[in-house]
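Trainee: curious how this folds, go ahead:
(one chain, ligands or ions: 1)
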Amino acid sequence: MPTPIISKRAAIYADVPDEKWNDWRWQLSHRLNSAEEIEKVIPLIDSERKALQTQGIFRVDVTPYFISLIDPDDPNDPVRKQIIPLAEELNSFTAMMEDSLAEDRHSPVPGLVHRYPDRVLMLVTTQCASYCRYCTRSRIVGDPGQTFNKQEFEMQIEYLKRTPQVRDVLLSGGDPLVLAPKVLEELLTRLREIQHIEIVRIGSRVPVFMPMRVTQELCDMLGKFHPLWLNIHVNHPNEISLELAQACDRLTRAGIPLGNQSVLLAGVNDCAHLQRELVQKLTRIRVRPYYLYQCDLVEGAGHFRTPVAKGIEIIEALRGHTSGYAVPQFIVDAPGGGGKIPLMPNYLLSMSDHKIIVRNYEGYVTTYEEPTEYKVHDPKTCKFCQEKRPEPGQAGITGMLDGDQMFIKPEGFDELHDRGGIQHRLKDESKWKPLGIGSGESAD
Ligand SMILES: *Cc1c(COP(=O)(O)O)cnc(C)c1O
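Mentor: Numbering: from 1, shown residues only. Predicted structure coming up:
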């Protein structure tokens with residue numbers, strides 16, 4: 001029997017009338033953010049109380065709906081750890097950074113991150129419905145004095161208009177779904193006016209923190225801007241409630257494909273069997289697991305970090321063991337702006353010039369014979385090779401495979417290996433004889 005998808009409400013909210021509970025405005029205005037308020041719902045431990053009473057801590061806010069998913073008697077509850085701060089948050093660690101993904105360096109205009117050739121990340125607000133303690137953008141998120149900025153938005157639109165290689169715009173923040181619907185609609189309208197923008201994506205945890213915000217009206221509005229995709233952010237099976245399931249149903253019925261991005265967090269979801277339950281439960285509500293992220297090297301997240309090997313172990317426990325649809329990509333977002341790098345177990349064990357040796361999830365080792373006849377793909381007669389190549393300078397490793405580029409050198413490589421340039425004796429023209437078949441001479 002699959003685990004039931006249920007609805008929960010903390011005891012102190014038992015008397016709140018349903019029409020208030022199900023009204024997102026009520027949820028937003030009744031968010032909890034101090035030790036006193038939170039203590040009325042769950043008894044706090046010392047470390048939590050200390051963190052909540054520390055000045056300057058990354059903003060705390062929790063919706064009544066989301067806090068209700070916590071088991072008040074369990075100090076290690078996996079939902080609790082995501083949104084109630086611990087004193088450990090104040091600890092620094094080796095390699096900790098403020099902007100670990102170097103997003104600020106990749107910003108051509110404020111709030112726009114152009115890291116990859118064909119897509120941009122657009123930060124449209126600094127506000128969220130609740131605040132994840134391990135937030136990768138805690139440096140900018142949560143500041144109540146800053147929200148959607150019209151002037152910055154105009155600069156972003158201007159950049160996008162002038163940058164035709166951008167075909168995919170990813171709205172994030174903060175959480176785009178906390179914007180007033182009129183503002184969001186205006187924003188989407190303006191993006192849709194730009195012909196070269198093919199798809200728009202939204203990254204939002206609103207369906208998880210406040211599923212009542214995903215009204216039919218909101219879905220109807222979003223449905224006008226297709227092709228529109230949405231990624232939600234669920235980390236633990238306990239977050240998959242009846243309310244979330246219904247919100248996802250409204251979104252998918254509006255034609256919006258749903259994905260999930262989760263973060264691998266110590267003490268929250270660092271268990272392969274829990275992850276299998278999570279991804280299976282997600283597919284039941286028609287959400288396709290997209291990425292599982294290694295925790296970023298960001299301030300406040302030190303106590304959430306796991307070894308990278310944990311992610312490999314999780315993928316090993318998913319691939320083959322459950323539906324391929326349910327298996328996310330495990331991603332390390334490389335510090336310093338290296339971008340997203342997928343990691344996975346090795347399935348290719350060895351190879352020769354005519355066969356490869358591979359293993360499956362069961363440890364079954366087998367061979368795959370390579371074809372003996374392969375008519376090499378001819379780029380000269382291929383329309384896509386002629387017209388759809390990456391821009392020079394952005395082709396990366398694929399450019400080395402199919403282009404003229406022979407190497408990628410680390411910075412300073414040439415200087416380091418320039419050791420004076422004394423001519424090698426074999427380059428002495430008088431001693432130089434060509435070698436090889438047909439030269440008619442031996443190579444002595
Ligand atoms: C994650 C991210 C994207 C989107 O990456 P996909 O792999 O296409 O989902 C785009 N821009 C930036 C800066 C990102 O961090």
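Trainee: strands of the stretch 101-250 of the chain, start to end?
Mentor: 112-116, 119-123, 168-172, 199-203, 228-232 (DSSP state E, counting those that start in this stretch).
Trainee: so which of these is nearest Arg139?
Mentor: Proximity to Arg139 (Cβ to Cβ) singles out strand 119-123 among the strands of the stretch 101-250 of the chain, at 11.4 Å. Glycine gets a C-beta too; all of them are placed from N, C-alpha and C.
Trainee: okay, the angle between that closest one and strand 199-203?
Mentor: Interaxial angle, strand 119-123 versus strand 199-203 (axes from the mean of the first three to the mean of the last three Cα atoms, to 10 degrees): 40 degrees.
Trainee: same list (the strands of the stretch 101-250 of the chain) but as CSV, adding distance to Asp404.
Mentor: Output for the strands of the stretch 101-250 of the chain, formatted as CSV (distance: least, Cβ to Cβ, whole Å):
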stretch, distance to Asp404
strand 112-116, 23
strand 119-123, 26
strand 168-172, 28
strand 199-203, 32
strand 228-232, 36
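Trainee: export these as CSV, with columns for mean pLDDT.
Mentor: Formatted as CSV, the strands of the stretch 101-250 of the chain follow (pLDDT from 0 to 100):
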stretch, mean pLDDT
strand 112-116, 94
strand 119-123, 97
strand 168-172, 98
strand 199-203, 98
strand 228-232, 98
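Trainee: for the residue of the stretch 201-350 of the chain found nearest the ligand, give me the pLDDT.
Mentor: Closest approach between the stretch 201-350 of the chain and the ligand, counting by Cβ to the nearest ligand atom: Lys340, at 5.2 Å. On pLDDT, Lys340 comes in at 97.
Trainee: cool, the one 4 residues further on as well?
Mentor: Met344 is assigned a pLDDT of 98 by the prediction.
Trainee: contacts only, for the nearest residue to Ser241 once chain neighbours are set aside.
Mentor: Leaving out its chain neighbours, the residue that sits closest to Ser241 by Cβ to Cβ, 6 or more residues apart in numbering is Ser7, at 5.9 Å. Counting by Cβ atoms under 8 Å, 6 or more residues apart in numbering, Ser7 touches 241-243.
Trainee: so Ser7 is in which element?
Mentor: Assigned by DSSP states H and E, Ser7 belongs to neither a helix nor a strand.
Trainee: dump the strands of the stretch 101-250 of the chain to CSV, plus mean neighbour count and distance to Tyr361.
Mentor: What follows is the strands of the stretch 101-250 of the chain, written out as CSV (neighbours: other Cβ atoms under 10 Å; distance: least, Cβ to Cβ, whole Å):
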stretch, mean neighbour count, distance to Tyr361
strand 112-116, 19, 31
strand 119-123, 22, 32
strand 168-172, 20, 32
strand 199-203, 20, 30
strand 228-232, 22, 26
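Trainee: out of those strands, which is closest to Asn22?
Mentor: strand 228-232 (19.1 Å).
Trainee: quick check, that closest one touching the ligand?
Mentor: No - no part of strand 228-232 sits near the ligand under the criterion Cβ under 6 Å from any ligand atom; the closest distance found is 7.9 Å.
Trainee: which strands or helices does that strand pack on?
Mentor: Counting by 3 or more Cβ pairs under 8 Å, 6 or more residues apart in numbering; DSSP states H and E, the packing neighbours recorded for strand 228-232 are strand 199-203, strand 258-263.
Trainee: any idea how far that strand is from the chain center?
Mentor: Taking Cα atoms, centre = their mean, to the nearest Å, one finds the center of strand 228-232 at 12 Å from the center of the full chain.
Trainee: partners of Phe330 in the sheet?
Mentor: For Phe330, the beta-bridge partners under DSSP bridges are Leu292, Leu343.
Trainee: fine, thanks again, bye for now.
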